[in-house]
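Student: I'd like to go over a predicted model; first the sequence, then the structure.
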Amino acid sequence: MTEKMLPLLRPSLPRAELLLPYLQQIDQNAIYTNFGPLNQSLIARLTSLQRDCFGRQVFGITTSSATLALELMLADLNLPPASRILLPSLTFVATATAILRAGHIPVVADVDPESWLLTPSSLSTNISLQTISAVIPVATFGMPQCAESWASWSEQTGIPVIIDAAGAFGAQKTSNNVPVIFSLHATKCLSTGEGGLIFTEDPEQAANLINLTNFGLGGATTGGGTNAKMSEYHAAVGHAELDAWPQNKIRRLSLFNNYRSILTSKFGDGLGYQKDTGLTAPNMFLVRFNSHQERLKAEKACANNGILTRRWYQPLIQNHPSLMRVESPQPTPHANKLADRLLGLPFYLDLTKEDIHRISKALNL
């Protein structure tokens, strides 16, 4: 009997009966978008959850995608055209495309070899900060950034910071003058099906961002605005997701830890993992092999056993064929090494212990 295919990711969104009460509210309200009541109550729930987790006052803005949220955050900075924006070499392409679509130039930097993140301490002293207008550190693979460190760095350098925390909802905190962007895509740990979320501690910035999501209407200028509003239907999905959030975040972290424990018990130092900076509700599982050849062997073995894998965030931003005008002023040895050895394995809520043992058997280092 042929074993079932194990997908890389499998979204787990609320069933129809769990959505129904919220959909009925849409029918009763007869409001479908343009900052409707479900959207407003969703923001209230999300900001309350963030405040309860981290004890900091935040203001929330929902968007139709996290990529648009990044573009609008860059517009909010009012930078001169073709400003140079620093980002990690190891990140999803959307971080760079948002910079390009905002009319700026992506400038890549290397990452920390243990956390795989661009951090203040990982920044090369050879990068001329005098030419950098902003920094977008990324909570890569859902691993949170230290917002306080970036806030201190921003205060010292005068360079604004925006944290791209696409996959780190529940783990990533804000800090003074350091806003955070989350993705609410279907594959993320908290989803509206498609959408984005901005948290900022600055109420004036929040008000401006709301205007920017609505073509810039009501703000001082309409030049940077677009239609980035979240519909009431997506907000309904978000409400149903939040209802299950307390249980799902525990399930995700438990699955992640059990997965890692099983692989560690079999392979020991044969596999490496990202340094944990505060993971809460993971939506990816990656391993680092000791060589490129070992990764190739594992990829082939998984493919032969019906197990889907992915080389997440490769090629690196400076090597991506679809990106233009990307600058790489300094070597990125740590990112290069990770790009040769990282592999994403299947990870989703209904992945079973038997599935994990099947993956472990296929790897067979």
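Tutor: That came through fine.

Student: From S360, how far off is the residue nearest the centre of the chain?
Tutor: By CA atoms, centre = their mean, the mean C-alpha position of the chain lies nearest to A166, the distance being 1.8 Å. Remark: distance between A166 and S360 (CB to CB, to the nearest Å) = 28 Å. All C-beta atoms are positioned from the backbone trio N, CA, C, and that covers glycine.

Student: next one: V108
Tutor: Between V108 and S360 the distance is 34 Å, computed by CB to CB.

Student: V58 touches F199, doesn't it?
Tutor: Yes: using CB atoms under 8 Å, V58 is in contact with F199, at 4.5 Å.

Student: More neighbours: these two, which one.
Tutor: F199 (26 against 22; other CB atoms under 10 Å).

Student: which SS class is the more buried one?
Tutor: Here F199 is strand, with the state taken from DSSP: H, G, I helix; E, B strand; the rest coil.

Student: show me the contacts for it.
Tutor: By CB atoms under 8 Å, 6 or more residues apart in numbering, F199 lies in contact with 47, 50, 58-60, 174, 179-180, 182.

Student: circling back to that earlier point, more crowded one of V108 and S360?
Tutor: Neighbours were counted for V108 and for S360 using other CB under 10 Å; V108 has more, 25 against 17.

Student: got a list of what the more buried one touches?
Tutor: Going by CB under 8 Å, 6+ apart, V108 touches 86-89, 316-318, 326-328, 332.

Student: hmm, back to that, keep only those of the contacts of F199 that are in helices.
Tutor: Residues of the contacts of F199 located in helices (DSSP state H): 47, 50.

Student: mind listing the helices in the stretch 101-250 of the chain by residue range?
Tutor: Using DSSP state H, counting those that start in this stretch, the helices of the stretch 101-250 of the chain run over residues 147-157, 203-212, 232-267.

Student: These: which one's closest to R10?
Tutor: helix 232-267 (12.3 Å; CB to CB).

Student: And the next helix or strand past the closest one?
Tutor: Next helix or strand after helix 232-267 toward the C-terminus (DSSP states H and E): strand 271-272.

Student: C-terminal to that following strand, what's the next element?
Tutor: Defined by DSSP H and E, the subsequent element after strand 271-272 is strand 285-289.

Student: That following strand vs helix 232-267, what angle?
Tutor: With axes from the mean of the first three to the mean of the last three CA atoms, to 10 degrees defining the directions, strand 285-289 sits at 40 degrees from helix 232-267.

Student: gap between strand 285-289 and the chain center?
Tutor: From the chain centre to the centre of strand 285-289 is a distance of 18 Å (CA atoms, centre = their mean, to the nearest Å).
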